[in-house]
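Colleague: below are the sequence and a predicted model; questions follow.
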Amino acid sequence: MMVTNRDKPLEERTGLVDSKFVSMVQGHFPVTHLSECIQFVLQDISLQKGECRKQLANRKQIFKTYTGKDLIQEATEDSKRKLIEDQSYIDPVSGIPLQHLTFIMKELLPSKLFQKKIEILGPLLRVGDVMYHFLDLQADVCTASLRDITRTAKIERRNKFDSVRIVVIKRGTAANFPHSRGHAPQGLFSTMLLVDSSETHPGYCRLKLSSSDSGNSNGDFGSNIYQKAFTIPSGLQSKIFLSEEYSCEVDCLGVLCLSFPYDRRWNRKKNDFPSQYLISLMIQTGCTLIPRSHPKSTSPELEWKFDFSMAEHVIFENLTLSQIHGFYILKLLIENVVHHLPFKTKHLKSVFLMACEDIPSDAWETNLSGCMLYVLDSLLTCLKSRFLPNYFLPKNNLIECHREDDINTICTLIEYIRLFPANVIQIVVETYGFTHGTNLIQQVLSTVKDFICEESLHNAFNNCFLPLTIATAKTMAKIGFYDVSLDILTAQFEQSLLMPDTGQRHISITFSEFFWSASTKMKQKASRVLLARLFDIKMGSNLMNFVKLKEKDNSLQMYLPWAIDNRIAWVEVPFDHTNGLTEIANFLYDYSKREYWRRNVVLAELAITTAIKCIKETLKQESFFVENVKDASLKSEVDAQKQMLEKKLIPFYVHLYSIARINFCIAPLTEHMDDIENLCKEFPEMYGLFYSMCIYTKQPEQKKKNVAKMIAYVHGKDLPYSQESSLSMDEDYLN
């Protein structure tokens with residue numbers, strides 16, 4: 001309030017402060033804290049009453065905008081329109097140029113840093129004679145979340161789910177609207193239910209039966225007979241196997257609706273979304289009726305809800321990559337600010353899809369931040385009007401039953417994101433472990449005033465965006481995100497080609513030259529080599545050979561008799577570690593630990609698995625030698641050496657286990673489980689660790705088989721290799 005509406009009279013500004021206080025105090029904010037803040041603002045406003053214009057100009061500002069100019073309190077229709085029409089627009093609410101905000105978003109939150117929890121192959125799936133679909137946000141890309149690279153990975157653990165909810169389609173049963181043109185082939189459905197929405201809230205209905213279909217599972221309402229929820233048959237869940245990583249939970253039996261309700265809402269489209277093809281695909285896919293009642297229903301046991309999980313899957317599969325990227329970022333920012341309140345992904349989905357109808361699809365590619373701010377403004381409009389429509393059923397208010405204090409608090413928090421998007425991004429990326437974000441944001445925003453004064457995007461690009469892009473690419477490569485690093489460099493080079501022509505003479509360079517110039521600024525050899533390798537794969541070039549010519553050739557591959565992964569074959573082995581496979585294994589173990597602490601999973605995993613193979617190959621040679629030894633004392637000595645080598649594998653496997661848990665992956669740990677179990681026979685103190693690994697890799701049979709051995713050995717003894725802490729954590733987290 002101290003920096004907005006300064007063109008208004010002081011009395012009017014005071015009134016705005018009072019009204020804002022009233023709306024916020026109805027939320028979940030501490031009244032005492034709000035009172036102190038409001039008193040401070042009102043005092044500052046009152047001091048301005050007795051000051052002349054000259055005194056006001058000399059007063060030290062408590063809060064400075066990035067532009068140095070006044071901000072507006074909330075978006076207007078004109079400002080919302082300019083957000084999606086003009087990528088060079090300076091957002092009057094946050095005071096940040098859209099080009100600067102887009103740069104921040106794409107550098108710190110690139111799309112490949114978002115990881116989908118589960119891959120869905122289609123809207124409607126089939127296993128044997130069972131047809132089913134996923135429910136709600138698990139039905140599409142909405143399960144994606146930002147990679148958590150912190151040491152504890154608490155956010156990753158919190159967001160991880162082990163089971164998914166599905167709706168199984170009731171066999172032989174379908175529903176249709178009366179007088180609907182949609183019909184099913186004769187004989188396909190033995191029971192046809194009629195949709196009755198006459199006395200239900202929007203988005204809900206009852207399913208009317210004929211008198212011949214009535215039974216114990218049905219209920220009467222007036223003179224009609226309606227279908228109740230179907231009982232889930234025993235053994236149904238065991239028929240559906242998704243993967244070793246996820247188990248499925250049958251939420252309910254749903255009824256396929258043969259006609260898509262309210263498809264006429266797309267008769268008057270503003271832009272290219274949804275396309276006519278997509279509309280046809282949604283109508284063809286249909287929807288499901290699931291046994292859910294409206295909170296204010298008078299007959300909840302008879303009510304069914306329209307579920308559009310299949311249609312949502314179809315829509316998100318047909319969005320552009322930039323649209324999906326924008327949704328990922330919006331979901332991330334909102335979840336991290338409003339996580340304790342009843343604001344769900346379905347609310348954002350609905351507003352996002354409605355906004356997509358207003359925003360040209362290509363605008364998301366060139367003006368990502370403007371499109372996202374438009375969605376936030378649309379969301380605030382819905383929340384303030386206390387009506388957030390379902391995208392498919394616009395008369396269905398998704399927040400109809402929300403408490404007033406919850407809505408007021410959500411409004412305030414969404415306003416905070418809208419007013420200070422860069423601050424929220426900074427908080428979020430720091431929370432997820434991307435500590436370079438603070439410096440990048442500060443440097444970008446520090447150039448805003450100069451950008452406005454000079455009105456030169458070229459200066460901002462050359463003096464700020466380009467150096468920060470290379471620095472970000474370097475950081476991403478250092479922690480193992482080589483594809484993200486290359487994408488960042490690629491996007492920035494493409495952006496340089498789209499720069500407006502100023503008439504000044506400039507030297508044009510190829511992408512190869514640009515990439516080589518950027519990679520030479522990276523001090524870490526692993527980053528230079530692996531980025532060059534990835535560049536060659538994608539571009540069909542030959543930079544890798546040039547990199548090798550520039551580096552000393554003392555590579556790991558020279559000392560190993562078998563072919564190894566090219567991503568680690570280049571690693572230089574110190575000469576004091578080249579005397580045999582055991583020495584090489586020791587070097588690779590140390591190398592892997594260094595990369596592990598950098599959170600570079602790629603190199604850490606490749607190094608330790610190669611080290612394990614070095615030891616195994618040495619053991620094979622020792623075994624062959626033992627078989628040909630006749631002298632008993634010599635054989636005993638060789639056996640002792642062999643046992644020492646086998647014992648060396650223990651910390652290697654512990655380290656591999658630690659690497660696997662960074663990204664919650666079970667491969668390649670599962671490939672070594674048999675060898676680890678055999679090693680337990682020689683070193684029974686490993687049973688505790690192996691038990692923990694069985695839990696982590698979801699091998700219940702192995703776990704049961706070894707639990708007795710573990711208890712027999714560890715009872716009353718200390719577990720080595722920190723197995724106590726890992727065991728208790730895994731049991732609590734994975735059981």
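Modeller: Good, I have the coordinates. A quick note: this is a predicted structure, and the numbers were derived from the prediction, not measured.
Colleague: M131 should be in a strand, yeah?
Modeller: Yes. Assigned with DSSP: H, G, I helix; E, B strand; the rest coil, M131 falls within a strand.
Colleague: how close does it get to P123?
Modeller: 11 Å (Cβ to Cβ, to the nearest Å). No exception for glycine: its C-beta is placed from N, CA and C like everyone else's.
Colleague: more neighbours: which of the two?
Modeller: Using other Cβ atoms under 10 Å, the more surrounded residue of M131 and P123 is P123, with 21 against 16.
Colleague: state the mean pLDDT of stretch 478-488.
Modeller: Stretch 478-488 shows a mean pLDDT of 93.
Colleague: list of residues touching that stretch?
Modeller: Contacts with stretch 478-488, where a contact means Cβ atoms under 8 Å, 6 or more residues apart in numbering, come from 106-107, 110, 112-113, 149, 469, 472-474, 476-477, 524, 527, 530-531, 534-535, 538, 595, 598-604.
Colleague: if we use 6 Å, what do you get?
Modeller: Residues outside stretch 478-488 that contact it (Cβ atoms under 6 Å, 6 or more residues apart in numbering): 110, 112, 472-473, 476-477, 524, 530-531, 534, 598-602.
Colleague: go on, stretch 585-593?
Modeller: 573, 577, 604, 607-608, 610-611, 614-615.
Colleague: take those residues and lay them out in CSV including secondary structure, distance to S293 and pLDDT.
Modeller: Below are those laid out as CSV (DSSP: H, G, I helix; E, B strand; the rest coil; distance: Cβ to Cβ, whole Å; pLDDT from 0 to 100):
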residue, secondary structure, distance to S293, pLDDT
V573, coil, 68, 92
H577, helix, 69, 90
A604, helix, 51, 95
A607, helix, 57, 96
I608, helix, 54, 96
T610, helix, 59, 96
A611, helix, 59, 96
C614, helix, 63, 95
I615, helix, 62, 93
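Colleague: out of the residues you listed, which comes closest to E317?
Modeller: Nearest to E317, judged by Cβ to Cβ, of the contacts of stretch 585-593 is A604 at 34.1 Å.
Colleague: burial measure for that closest one, as a count.
Modeller: A604, neighbours per other Cβ under 10 Å, totals 24.
Colleague: for R126, same thing?
Modeller: Neighbours of R126 (other Cβ under 10 Å): 10.
Colleague: SS state for it?
Modeller: Going by three-state DSSP: R126 is strand.
Colleague: could I get the pLDDT score of it?
Modeller: For R126, the model assigns a pLDDT of 88.
Colleague: that one: what's it in contact with?
Modeller: R126 neighbours (Cβ under 6 Å, 6+ apart): none.
Colleague: so what's it bridging to?
Modeller: Beta-bridge pairing for R126 (DSSP bridges): M131.
Colleague: name the element S234 belongs to?
Modeller: Of the helices and strands defined by DSSP states H and E, none includes S234.
Colleague: and T412, by the same measure?
Modeller: helix 404-419.
Colleague: which neighbouring elements make contact with that helix?
Modeller: For helix 404-419, the packing partners by 3 or more Cβ pairs under 6 Å, 6 or more residues apart in numbering; DSSP states H and E come out as helix 321-338, helix 368-385.
Colleague: tabulate the contacts of stretch 585-593 in TSV, adding columns for distance to L388.
Modeller: Below are those laid out as TSV (distance: Cβ to Cβ, whole Å):
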residue	distance to L388
V573	61
H577	63
A604	45
A607	51
I608	50
T610	54
A611	55
C614	60
I615	60
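Colleague: if we can go back for a sec, for ChimeraX, write the select line for the buried members of the contacts of stretch 478-488.
Modeller: Remark: buried members of the contacts of stretch 478-488, expressed as a ChimeraX selection using 16 or more other Cβ atoms under 10 Å:
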select :110,472,473,476,477,530,531,534,598,599,600,601,602
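Colleague: what is the nearest of the contacts of stretch 478-488 to L383?
Modeller: P110 (29.3 Å).
Colleague: for that closest one, which residues are in contact?
Modeller: P110 neighbours (Cβ under 6 Å, 6+ apart): V484.
Colleague: next, A175: phi, psi?
Modeller: phi -130, psi 150 (degrees, to the nearest 10).
Colleague: which stretches in this structure count as strands?
Modeller: Ranges of strands in the chain, per DSSP state E, are 114-115, 125-127, 130-134, 145-146, 163-176, 191-196, 204-209, 218-221, 224-227, 247-257, 287-290, 303-307.
Colleague: check T4 and give its pLDDT.
Modeller: pLDDT, T4: 53.
Colleague: with the one 3 residues further on instead?
Modeller: In the prediction, the pLDDT value recorded for D7 is 60.
Colleague: and for R181?
Modeller: Looking at R181, its pLDDT reads 58.
Colleague: tell me, what residue is most central in the protein?
Modeller: In the chain, the residue lying closest to the centroid (Cα atoms, centre = their mean) is S145, at 1.5 Å.
Colleague: bridging across strands, which residues link to it?
Modeller: Bridge pairing for S145 - DSSP bridges - gives Q115.
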